[in-house]
Each structure stands twice: as structure tokens, then as C-alpha cells.
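Chemist: Build me a structure from this.
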Amino acid sequence: MHDTVQRHQPEGVPPLELTGERTLPDVPAENYWFRRHLAVYEWIAERCAGLEVVDMACGEGYGTEVLARRARRVTGVDANPDAHEHARAKYTRPGVSFVCDLIETYIEPCDAVVFLQTIEHVKEPEQVLAHFREMAGTAYVSTPNLLTLAPPGAEKSENPWHLREYRAREFRALCESVFDHVELYGVFHARKLRAHELALRAGWDRVHPALGITGPFYDRFTPAISVGDFALRDGPLERALDFVAVLR
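Modeler: Numbering: from 1, shown residues only. So this is what the prediction gives:
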């Protein structure tokens, strides 16, 4: 349990435990996924300066806090009561608030809705996107790329929380079925993660077990991953880790 529970939380803030449904900060073994998601939040935050923003399915609340560094006001919405109480106690920056509600029933006019790494969890994605269109002028929606998440040829990864995973053309078609204007970007490895990716292609996965250094190497490498080890750009999307849609 020690490896899956948040460390070093502020006094009075109950730590959360990883369940596989959402990522968390302050869990060293989870740092890759946390930084991968954080890179997208920071990219969106730069586009939300001075705006009223709703962060749907905000989970632990770290992304809501990041958005609030640039936005005028941010409301984080999540239906999980433990995550809600944690976020409300931990993130107290002026202009930040949290609401315990379902994404389908919360409605409050705003300038932008942010909905990251969650549309793959919902049963009626078209209805959810239509709900966002009614609330805001712009929606930012991300989802993992089926082609880089699942085994080759599979129609879904083994993540039990995901109901559907998308190829780029499928995700674009979903977005265009609701919004008139769709910009699609990809998240890619950069810097040391790009170097690691190239090392894997060269056979690194055969070398580190043979040398007996797998544990020591990744115990250092994974916690050292930063936001700068990911990059957002417009292609080639079939090789992206995640897709990020800007919808208007």
C-alpha cells in the first residue's frame, strides 16, 4: 500500500490511494502518468488566462489548481466524495472552488470546460460533449490513443475503467459530431523520455534485466520525469500518446 498512497500531504488533508481510475501526484511510482497529464493541464492553462473555467472530473484537484494560476476562476467538479474532500482541503488558492457532482448534471455557464482523460470512461460521450457545448464557448478534451495504449491489434487496453478507446480519426469524428470547429493535437515523449523510447527500440528491455539493474534504474528514472519530458504538437497523431482536442 505504501507505493500506492500519496506521500507528504499537508496537515489535515487525507491522502488518496491509487485505484487505476485516476492519476495522483505525490506517488513516486505514478510520476510518469501524473507528469503526462500535468503537461496537458499546463498547456491549457496558458490558453485560459482571465477566463471562467470548469474542470470536469477533476479528481484529486491538482489540475484545477494549475488552471487557476492563469484563469480568473476555476471550479473543479468530481462525483467521488473522497476526491472532493481531499481537493477542497488541499487546494485553497483564491478563485478555486470544488463541487461534488456528476459531469452530466453539473451545469454552470463558463468560458471553457476542461475534461481530461475521462471521455473514455463514459457511456454516452456525444451527450457529454453536447452538455459541454451548452455550458461553454470552448472545451478542452483529452483521451489516450488506442494505438499506443493497447497491445497491437487490440480494440481496447486492459484498463477496466475504460469503456472505449479511440484512434485519432474516431476521436475527431466524435468531436465533429457535436462541435463545429475541432483542433486536434497529440502528446509525445520529449527529452529523456524520447531517449528512453529510442533505447527501447534498440533493445534496452533485454539489457537491463540481464544486468540486474531494472529496479535501481527505474527507481531513479521514473521519479525524475518532468513535464518537460512531454510535448504537444499536431502530429503525426497515429504515434501520439494522448489526443488533446480544442472544441468550439
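Chemist: and stretch 65-78, how far apart are its ends?
Modeler: One end of stretch 65-78 to the other measures 14 Å (CA to CA, to the nearest Å).
Chemist: Can you tell me what sits against that stretch?
Modeler: With CB atoms under 8 Å, 6 or more residues apart in numbering as the test, stretch 65-78 has contacts from 38, 41-42, 44-46, 48-59, 61, 63-64, 84, 87, 91, 93, 95-101, 103, 106, 108, 110, 112, 114. All C-beta atoms are positioned from the backbone trio N, CA, C, and that covers glycine.
Chemist: And for stretch 88-98?
Modeler: Contacting residues not belonging to stretch 88-98 are listed as 9-10, 12-14, 58, 60-62, 64-65, 68-69, 71-78, 84, 87 [CB under 8 Å, 6+ apart].
Chemist: Tell me where this structure is predicted with low confidence.
Modeler: Residue ranges of the chain with pLDDT under 70: 1-2.
Chemist: Mind doing that once more with 90?
Modeler: Applying pLDDT under 90 to the chain flags residues 1-3, 19-22, 235.
Chemist: What is the longest helix of it by residue count?
Modeler: Taking DSSP state H as the criterion, the chain has its longest helix at helix 31-45.
Chemist: and the helix or strand just after that helix, which strands flank it?
Modeler: For helix 31-45, the succeeding helix or strand toward the C-terminus, using DSSP states H and E, is strand 52-56. Using DSSP bridges, the strands paired with strand 52-56 are strand 73-78 (parallel), strand 110-116 (parallel).
Chemist: Please enumerate the strands of this structure.
Modeler: Along the chain, counting by DSSP state E, strands occupy 52-56, 73-78, 96-100, 110-116, 136-144, 182-189, 230-233, 242-247.
Chemist: Neighbouring strands of the shortest one in the sheet, and parallel or not?
Modeler: What it means is strand 230-233. Here, using DSSP bridges, strand 230-233 pairs with strand 182-189 (antiparallel).
Chemist: Only C-alpha atoms, please: export the partner strand in CSV.
Modeler: C-alpha atoms of strand 182-189 as CSV (Å, rounded to 0.1, in the frame of the first residue of the first chain):
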residue,chain,number,x,y,z
VAL,A,182,-12.1,20.9,-33.9
GLU,A,183,-8.4,21.2,-33.5
LEU,A,184,-6.6,18.0,-32.6
TYR,A,185,-3.1,17.8,-31.1
GLY,A,186,-1.0,14.9,-29.8
VAL,A,187,1.1,14.4,-26.6
PHE,A,188,4.5,12.9,-27.4
HIS,A,189,7.6,11.9,-25.5
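Chemist: Pull the residues that contact that strand.
Modeler: The contact list for strand 182-189, computed with CB under 8 Å, 6+ apart, reads 36, 39-40, 142, 145, 168, 171-172, 175-176, 194, 196-197, 229-237, 239-247.
Chemist: Now the buried members of the residues you listed.
Modeler: Buried members of those, scored by 16 or more other CB atoms under 10 Å, are 36, 39-40, 142, 145, 168, 171-172, 175, 229-232, 237, 240-247.
Chemist: Run through the helices of this structure in chain order.
Modeler: Remark: helices assigned in the chain by DSSP H are 31-45, 62-68, 81-90, 125-135, 146-149, 168-176, 191-201, 204-211, 214-221.
Chemist: Those into a markdown table, with extra columns for distance to residue 5?
Modeler: Output for the helices of the chain, formatted as a markdown table (distance: least, CB to CB, whole Å):
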| stretch | distance to residue 5 |
| --- | --- |
| helix 31-45 | 14 |
| helix 62-68 | 16 |
| helix 81-90 | 12 |
| helix 125-135 | 31 |
| helix 146-149 | 25 |
| helix 168-176 | 33 |
| helix 191-201 | 25 |
| helix 204-211 | 27 |
| helix 214-221 | 17 |
